[in-house]
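In: Provided below are the primary sequence and the corresponding predicted coordinates.
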Amino acid sequence: TDIEKGTYPHFMLKEIDEQPFVIRKIIQKYQDDHDNIKLDSEVRQAMLDTDRVYIIAAGTSYHAGLVGKQFIEKLANVPVEVHIASEFSYNMPLLSEKPLFVFISQSGETADSRSVLVRIKELGHPSLTITNVPGSTLSREANYTLHLHAGPEIAVASTKAYTAQIAVLAILAVDTAQAKGIDLSFDPLQELGIVASVMESLTDQKEEFEEIAKEFFSETRNAFYIGRGMDYFIVQEASLKLKEISYIQAEGFAGGELKHGTIALIEEGTPVIALSTQANVNYSIRGNVQEVAARGAKTCIISIEGLEQESDTFVLPHVHELLTPLVSVVPMQLLAYYAALHRECDVDKPRNLAKSVTVE
Ligand code: G6P
């Protein structure tokens, strides 16, 4: 490959650092001459014509889809379902009258997603692919494409493609809302610009996350991440990152679900990382942290300006509440990176995994 690591020890670290630039690139690519969000008119029309969006994806892209559903439902008022590509054909939902299928795929080559596209094309339904590779199979075979503009992603563990997917999904949601005449009450491109600056400040504080990773992940066999609401989707991605590259058995749970089983796994010293970026769950997620701490867990809270408490391990700078995933995932990526590094794992090429899985 002619993509170089430059001064970076790993592609993953380079790609984590590139995220603010990717967000700025996306802002630039999806705005018109008047600094408004502008999408291809065919994509806009497809969003206006549908009565329900079906997001199909795998792995990290599936996690981006969970966040995208919130954007599209909350901003544009269009119902969304998110499906794991490999499960879709067994558990095909009853489709609405005018479905629109949205495939989210960094590579555009994932076989599980491709087979869903083949199936829904047979049924005559329209499709949009959101991908980092515009010439890819999923892009060529779908009706429409939105490009992530993230640049080549080499590390197996996806980082900048995930945040690019979330940013483009936000833009898709905002564009649809605008086309429907819904008043947003915030300036989306300005808020994305703030996100890019905050991402930069986070990637400038790597030592902090390296210290947390050393403290929480050097010895352990397992780890839990907890969150509620939007944060629940991010902790699922956080745990996937940690599993993929450090081989620590990790899970992301909904805070309120702990008491229904998982809390039985908490022992003296079990690491529990909690994320709290949403005002409506700040109180209850902190309650969950107390419950696991009382049972011996070693706890860490990552919160956000405005919701923080003194004992929090790290406080993220403020960003718009809907866009918190774009910044809250950065510490999670860095925690996974440093956990893998200090456990002497092969960060960029973890065992048993492939960057793009072209078999079902
Ligand atoms: C592989 C990669 C994951 C990725 C998933 C989906 O399993 O290792 O990092 O999230 O495929 O890939 P896609 O290219 O469709 O986003």
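Out: Nice, I can see it. Numbers count the residues shown, from 1 in each chain.

In: give me phi/psi at residue 57?
Out: Here is the backbone geometry of residue 57 (degrees, to the nearest 10): phi -170, psi 170.

In: tell me who's in contact with it.
Out: 64-65, 82-85, 103-105, 113 (C-beta atoms under 8 Å, 6 or more residues apart in numbering). Yep, even glycine has a C-beta here, placed from its N, CA and C like the rest.

In: can you list the residue ranges for strands in this structure?
Out: Using DSSP state E, the strands assigned to the chain run over residues 52-57, 80-84, 99-105, 127-131, 144-147, 222-227, 249-254, 271-276, 298-304, 314-316.

In: could I get the full set of helices for the stretch 201-350 of the chain?
Out: Secondary structure of the stretch 201-350 of the chain (DSSP state H, counting those that start in this stretch): helices at 206-217, 230-246, 282-293, 324-342.

In: in TSV, list these along with distance to residue 5, mean pLDDT and mean neighbour count.
Out: Listed next are the helices of the stretch 201-350 of the chain as TSV, based on distance: least, C-beta to C-beta, whole Å; pLDDT from 0 to 100; neighbours: other C-beta atoms under 10 Å:
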stretch	distance to residue 5	mean pLDDT	mean neighbour count
helix 206-217	16	98	17
helix 230-246	16	98	26
helix 282-293	37	98	17
helix 324-342	14	98	26
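
In: relative to the ligand, which of these is closest?
Out: helix 230-246 (7.1 Å; C-beta to the nearest ligand atom).

In: ok, now which ones touch the residue in the stretch 1-150 of the chain that the ligand sits nearest to?
Out: As assessed by C-beta to the nearest ligand atom, the ligand sits closest to residue 59 within the stretch 1-150 of the chain, at 2.7 Å. Listed by C-beta under 8 Å, 6+ apart, the contact set of residue 59 reads 158, 240.

In: rebuild the strands of the chain as CSV, extending it with mean pLDDT.
Out: Formatted as CSV, those follow (pLDDT from 0 to 100):
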stretch, mean pLDDT
strand 52-57, 98
strand 80-84, 98
strand 99-105, 98
strand 127-131, 98
strand 144-147, 98
strand 222-227, 97
strand 249-254, 97
strand 271-276, 98
strand 298-304, 98
strand 314-316, 98
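
In: Throw the ones you listed into TSV and include distance to residue 198, thanks.
Out: TSV is the format used below for these (distance: least, C-beta to C-beta, whole Å):
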stretch	distance to residue 198
strand 52-57	26
strand 80-84	26
strand 99-105	24
strand 127-131	23
strand 144-147	24
strand 222-227	18
strand 249-254	22
strand 271-276	15
strand 298-304	10
strand 314-316	7
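
In: just so I know, which of those lies nearest residue 13?
Out: Ranking the strands of the chain by proximity to residue 13 (C-beta to C-beta) places strand 314-316 first, at 18.5 Å.

In: so how far is the closest one off the chain centroid?
Out: When distances are taken as C-alpha atoms, centre = their mean, to the nearest Å, strand 314-316 is centred 18 Å away from the chain's centroid.

In: could you do stretch 331-343 as well?
Out: Centroid separation for stretch 331-343 versus its chain: 17 Å, with C-alpha atoms, centre = their mean.
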